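Chemist: A predicted structure for the sequence below; I have some questions about it.
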Amino acid sequence: MREAFPFSAIVGQDEMKQALLIAATDPTIGGVLVFGDRGTGKSTAVRALASLLPEMPVVTGCPYNCAPGAEAGLCGECQDRPPGTAPQHVAPVPVVDMPLGATEDRVVGALDLERALSRGEKAFEPGLLARANRGFLYIDEVNLLEDHLVDLLIDVAASGENVVEREGLSIRHPARFVLVGSGNPEEGELRPQLLDRFGLSVEVRTPDDITTRIAIVRRRDAFDRDRAGFAAEWRTEDIRVRDRIEAARHLLPAVEVPDAVLEDAARLCMRLGTDGLRAELTLLRAARALAALNGDGEVERSHLLRVAPSALRHRLRRDPLDEAGSTTRVARAIEEQFGG
């Protein structure tokens, strides 16, 4: 397998790395949207994180990566097995690229034509959503995705299931994944319905200081000249990140959220005028995951304020009387609410 650029070797882009680590710790947050300039390491960071995540147990031969012994979220075949009888093995966390030009059949799955023609059997050929179950679905230039695929993703992201009823087939299978999208906002905006499904939104910019730019170029050049050697050089650091994620996942259920922090979250969302309660829920879950990553047993206001820009900037209503960007508006609300 081709070596991925080490996650711990990525220079700068701290908010993007934090958001990806939070999503890896708690996939229920809803995924990460990364918008910004080309060539700023968006796709590199996604693939780097996936390559260092702990391997996961899967049912051998299951095309949906079902978890052995799970009581929910199983495909029909795995549900029918007697408990504890399914053969299993460990496999890397899947990272599935969804091309902009993908057909609906390729994404959701369709009739297996080869088996239908050669054997006369009506069988389902799983699509990209099946492969991405329990992993990451990555869409580059997500803002250019066709509308019918956007609608499809919204439905699956909301339900955690992919339902296919066509050509005499009726299939329902689990499709729970961390949705990661990247793009350049100058090329078009993302539909509000899909934008709201992303738990965290990150803005990345081309570094404007000479030291950071030199460090990025040196590391990328060293990686391209000797991928295996560069990866080996950073393996210890990547293992530390992996251990941090594993420890955070174990700690997460025990992390407590005081009422005072919930009140802070609610007041901040009210000040910004966010619609519904999804903003508060995402803010709460992201702060809890960050606390777990830091090894803290209780969420504090500092955790909340660190994740607030990522959790809220894409949920603000447009204000024709305020030309400030969403990031500036969140920072201003934090200053007004908490004094910095």
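Modeler: Thanks, I have it.
Chemist: Where do the strands of the stretch 51-200 of the chain begin and end?
Modeler: Read by DSSP state E, counting those that start in this stretch, the stretch 51-200 of the chain holds these strands, from start to end of the chain: 56-59, 88-91, 95-97, 109-111, 124-126, 136-140, 161-166, 169-174, 178-183, 200-204.
Chemist: weakest of those strands in terms of mean pLDDT?
Modeler: Ranked by mean pLDDT, those bottom out at strand 109-111, with a mean of 76.
Chemist: which residue ranges form the helices in the stretch 51-200 of the chain?
Modeler: Counting by DSSP state H, counting those that start in this stretch, one finds helices in the stretch 51-200 of the chain at the ranges 76-80, 104-108, 113-118, 128-132, 147-159, 192-195.
Chemist: same for the longest one, what does it pack against?
Modeler: Using 3 or more Cβ pairs under 8 Å, 6 or more residues apart in numbering; DSSP states H and E as the contact criterion, the neighbours of helix 147-159 among helices and strands are helix 104-108, helix 192-195. Yep, even glycine has a C-beta here, placed from its N, CA and C like the rest.
Chemist: who touches stretch 57-73?
Modeler: Contacts of stretch 57-73 with the rest of the structure, by Cβ atoms under 8 Å, 6 or more residues apart in numbering, involve 56, 74-75, 77-78, 83-84, 86-91, 94, 126, 130-131, 133-135, 160, 173-176.
Chemist: so which of the helices and strands packed on helix 147-159 is the most packed in?
Modeler: Across the helices and strands packed on helix 147-159, averaging neighbours per residue (mean count of other Cβ atoms under 10 Å) puts helix 104-108 on top, at a mean of 18.
Chemist: List the contacts of it.
Modeler: Contact with helix 104-108 is made by 98, 127-129, 148-149, 152, 162, 164, as judged by Cβ under 8 Å, 6+ apart.
Chemist: then the helix or strand L262 falls within to CSV, C-alphas only?
Modeler: Taking DSSP states H and E as the definition, L262 sits inside helix 259-272. As requested, C-alpha coordinates have been extracted for helix 259-272 and formatted as CSV (Å, rounded to 0.1, in the frame of the first residue of the first chain):
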residue,chain,number,x,y,z
ASP,A,259,-24.6,22.7,33.5
ALA,A,260,-22.6,25.9,33.4
VAL,A,261,-20.9,24.8,30.2
LEU,A,262,-24.2,23.9,28.6
GLU,A,263,-25.5,27.3,29.6
ASP,A,264,-22.4,28.9,28.0
ALA,A,265,-23.1,27.0,24.8
ALA,A,266,-26.8,28.0,24.7
ARG,A,267,-26.1,31.6,25.4
LEU,A,268,-23.4,31.8,22.6
CYS,A,269,-25.7,30.2,20.1
MET,A,270,-28.5,32.5,21.0
ARG,A,271,-26.2,35.5,20.7
LEU,A,272,-25.3,34.3,17.2
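Chemist: care to break this protein down by domain?
Modeler: The chain resolves into domains spanning 7-53+92-204, 254-338 when parsed by automatic domain parsing.
Chemist: Check the chain for its longest helix and report it.
Modeler: Selection of the longest helix in the chain by residue count, based on DSSP state H, yields helix 227-251.
Chemist: Distance from the chain centre to that helix, please.
Modeler: Mean-position distance between helix 227-251 and its chain equals 18 Å (Cα atoms, centre = their mean, to the nearest Å).
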